[in-house]
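In: sharing a model that was predicted from the sequence below.
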Amino acid sequence: MKRLAALALTILAVAALSGTAARAEDEVRLSRNAALVGEHIAMTVRITAPTGATVELTPGNPSWAGVELVSIESVNQVNQAEGVLWLFQAQIAPFAPGPIAFAPTAAIIRGADSQNVALPAVSLDVVRSLAADAPLELTPLAPPVGIAGAESPWLRPGVALGVLAGCALLAAFLWLAGRAAVRRLRRPSAGTPVPQLPQTLVGAEQILHSDPVAAYRLMSHVVKMELERRYGVRATALTTTELKRRLETGGERWEARLVSGLLEECDSVIYAGYRPAAERREADLTMAREIVEVAG
């Protein structure tokens, strides 16, 4: 009887704390009337609100009396003649041991206006998870115990040394294999004679499209040798700019322009990685022939 009287007084106190009286059309149901401290239990809330309004549960008010709102599982709305019925499926957890009574609260929001509503109070018996005389201290953990068959302290260093040794052997093998491959590429085959290209523009024509660097190098050499023979200058020892200036000094301005243009093209192919199109290569070879024929 004393317990029931205390619970009734608690319900009245909760109603007084909530401020706004509970409405008859609202309802709160719990899945059970007893729970351990911190245990999750299901709660169903039914609230009727005007059409167009929004309803939100407002936990944390004093009327919740030590009960926390853990989560809201679902929210459904049912249209009725007097408004909209809002159905909340939620999970709560009590944290105040003993018989408690709490009244959930909600806010009905309509535009800029908000009205706090107190729902009907419900009772809940919160069972202690510890005995009444249990000490409120954590029991110290047992000391660690060695386990037989643990790995050797030399295992990890040995694995690391093995990996390093394997990497070193692999690197040495790859280096030796690379050197051997380079030697084989550099060593001409005994049974395959190396073709000797004529040191003329005919030889440059033969490799013009297969080896443009060698073709343009040969083209430049032939033109410079012809200019040396004709003008008595050491064309092979001069740069393109120096050779052009020497020819212009000797009065050969037109030929200096042709020669410098061709030799600049040769320098771009030989030293700058330039690869002219096939038509341009043929045109450069034709210009080289014209220079050599004029020189001859």
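Out: Alright, I've got the coordinates.

In: you'd agree Val84 is in a helix?
Out: No - Val84 is assigned strand when assessed by DSSP: H, G, I helix; E, B strand; the rest coil, not a helix.

In: check what pLDDT it gets.
Out: What the model reports as pLDDT for Val84 is 92.

In: quick one: contacts for it?
Out: Val84 is in contact with Thr48, Ala49, Pro50, Thr51, Ala53, Gln77, Val78, counting by CB atoms under 8 Å, 6 or more residues apart in numbering. Heads up, the C-betas are built off the backbone N, CA and C, glycines and all.

In: in strands, which of the residues you listed appear?
Out: Among the contacts of Val84, the members found in strands (DSSP state E) are Thr48, Ala49, Gln77, Val78.

In: from those residues, which single one is nearest Phe173?
Out: Nearest to Phe173 among the ones in strands among the contacts of Val84: Gln77, at 75.2 Å, using CB to CB.

In: the closest one reaches Trp86, doesn't it?
Out: Yes - using CB atoms under 8 Å, Gln77 is in contact with Trp86, at 5.8 Å.

In: comparing these two, which shows the higher neighbour count?
Out: Trp86 (22 against 12; other CB atoms under 10 Å).

In: report the contact partners of that one.
Out: Val45, Arg46, Ile47, Thr48, Ala49, Val55, Val75, Asn76, Gln77.

In: excluding its backbone neighbours, what's nearest the third one?
Out: Translated: Ile47. Trp86 (4.6 Å; CB to CB, 6 or more residues apart in numbering).

In: against Ala118, how distant is the one you found?
Out: From Trp86 across to Ala118, the span is 15 Å (CB to CB, to the nearest Å).

In: likewise for Arg183?
Out: 96 Å.

In: which one's more surrounded, those two?
Out: Ala118 (21 against 9).

In: if we look at the sheet, which residues does that one bridge to?
Out: Per DSSP bridges, the residues bridged to Ala118 are Thr105.
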